[in-house]
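[1] Below is the sequence, then the predicted model.
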Amino acid sequence: MQVFARRGFQLRGASLETRVAYTGFLLLMLPAAVSLLAQSVGRTGFAPATIAAYYRGGESEMSFPKQFWQLMEVTHFHLFSVPVVLLVLSHLLSATPVGTRARVGLTVGTFAGAALELAGPWAVRYLAGGFAYMLLAGWILLGAGVFSMTVLSLACMWGPERWFSPTENGDGPAGSR
């Protein structure tokens with residue numbers, strides 16, 4: 001982590017062993033993101049009505065509303081794991097030549113998705129089934145953000161330098177505008 005303290009640190013310039021460790025983490029993040037979405041969508045479906053029925057209960061499937069402690073168990077686990085993963089991913093993203101606005105936007109959008117994904121089940125269960133749209137938005141933002149941060153970090157570490165070097169007209173790194 002000391003390398004992050006140096007101003008201007010870039011993933012591409014990290015030592016081989018550091019890049020291998022980051023790459024291992026990032027490669028494991030890809031199936032983790034896929035499994036998050038698969039588990040969420042596989043359990044509840046992708047339609048707001050089926051999401052609402054999953055959390056609120058429904059007569060069509062004879063399902064019962066999720067109990068407070070069932071939601072608390074999932075929330076507890078996610079509150080400890082998701083922020084740490086997003087912190088690591090956002091730190092790795094900060095060490096890429098991707099433009100500042102894009103990095104900040106991607107980080108904010110991904111954390112917002114995580115917040116919606118955490119709050120969504122509670123809102124659907126205890127407020128209204130219509131909050132299923134909020135939960136869907138959270139899944140999309142979180143999944144897309146994790147995937148984007150992962151792919152961008154890997155590309156900046158291992159992709160051709162020309163992808164991230166100054167443009168021919170001297171405008172700076174690609175994506176900085």
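    Perfect, I can see it now.

[2] List the buried residues for stretch 121-128?
    With burial defined by 16 or more other CB atoms under 10 Å, the residues of stretch 121-128 counted as buried are 121-125. Using the backbone N, CA and C atoms, a C-beta is placed for each residue, glycine as well.

[3] okay, these in CSV with distance to residue 45 and secondary structure next?
    Putting the buried residues of stretch 121-128 into CSV (distance: CB to CB, whole Å; DSSP: H, G, I helix; E, B strand; the rest coil) gives the following:
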residue, distance to residue 45, secondary structure
121, 14, helix
122, 19, helix
123, 17, helix
124, 13, helix
125, 16, helix
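
[4] Please render those residues as CSV that adds distance to residue 47 to the earlier fields.
    Putting these into CSV (distance: CB to CB, whole Å) gives the following:
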residue, distance to residue 47
121, 16
122, 20
123, 17
124, 13
125, 17
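
[5] Looking at the residues you listed, which is nearest residue 104?
    Closest to residue 104 out of the buried residues of stretch 121-128 is residue 123 (26.6 Å), distances taken as CB to CB.

[6] That closest one contacts residue 129, correct?
    No. Shown here, residue 123 and residue 129 do not form a contact pair, counting by CB atoms under 8 Å, at 9.6 Å.

[7] how near is the closest residue to residue 63 other than its chain neighbours to residue 65?
    Taking CB to CB, 6 or more residues apart in numbering, and ignoring the residues beside it in sequence, residue 63 has residue 57 as its nearest neighbour in space, at 5.3 Å. Note on residue 57: its distance to residue 65, by CB to CB, to the nearest Å, is 4 Å.

[8] any idea how far residue 43 lies from residue 66?
    11 Å.

[9] So the two - more neighbours on which side?
    A direct count of neighbours by other CB atoms under 10 Å for residue 43 and residue 66 places residue 66 higher, at 18 against 10.

[10] Any figure for the gap between the closest residue to that one other than its chain neighbours and residue 155?
    Sequence neighbours aside, residue 55 is the residue nearest to residue 66 in space, at 5.1 Å (criterion: CB to CB, 6+ apart). From residue 55 across to residue 155, the span is 37 Å (CB to CB).

[11] what's the longest helix in the protein?
    In the chain, with assignment by DSSP state H, the single longest helix is helix 16-44.

[12] count of residues packed around the closest residue to residue 43 other than its chain neighbours?
    In space, residue 43 comes closest to residue 54 once its chain neighbours are excluded; the distance is 6.6 Å by CB to CB, 6+ apart. Other residues near residue 54 come to 22 when the count uses other CB under 10 Å.
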